[in-house]
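Asks: Coordinates for the following, if possible.
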Amino acid sequence: MRYMLLIYDCARPDWAPAQEAKRAAVRKYAEECREKGVFVAASPLQLDCVSVRVRDGEAIVTDGPFTESNELLGGYFLLDCQDQDEAVEWARKCPMAAEGRVVVRPILEVPEFIDSAIRG
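Replies: Now for the predicted structure:
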């Protein structure tokens, strides 16, 4: 089963040499996920974003995820684990969990979405 590990509330390391240890820890974690065969995908997210709502057929676009949000979704790992316990164990190992938090969400497998994604 696939699980999304959502990374919240972590300061993104800049590219200064002083931050290399943090980036190296994340690379090591990703490599361990690959070696164990659970890695599907991962990516940091850009900090700027917009939210789109459609009301009465009109799109309302606002800056940010929420105007009053104190949480920052900074990125994700998508892992293929045996069960939630294994996904939680990988979240515990994630270097960003020591600074922020990692939310573990199971992916709802919808066959028609999977089929269309594979066919392109």
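Asks: can you pull out the helices in this structure?
Replies: Ranges of helices within the chain are 20-35, 84-93, 111-119, based on DSSP state H.
Asks: Figure out which of the ones you listed is closest to Asp48.
Replies: Of all the helices of the chain, helix 20-35 sits nearest to Asp48, with 21.1 Å by Cβ to Cβ. C-beta: built from backbone N, CA, C; applies to glycine.
Asks: quick one: buried residues of the closest one?
Replies: Neighbour-count burial for helix 20-35 flags Lys22, Val26, Tyr29, Cys33 (criterion: 16 or more other Cβ atoms under 10 Å).
Asks: Now find how far off-centre that helix is within its chain.
Replies: 15 Å (Cα atoms, centre = their mean, to the nearest Å).
Asks: just checking, what packs against it?
Replies: Here helix 20-35 touches strand 39-44, strand 73-80, helix 84-93, going by 3 or more Cβ pairs under 8 Å, 6 or more residues apart in numbering; DSSP states H and E.
Asks: which one of the ones you listed is the most hemmed in?
Replies: strand 73-80 (a mean of 19; mean count of other Cβ atoms under 10 Å).
Asks: Partner strands of that strand, with direction?
Replies: strand 2-8 (antiparallel), strand 39-44 (antiparallel) (DSSP bridges).
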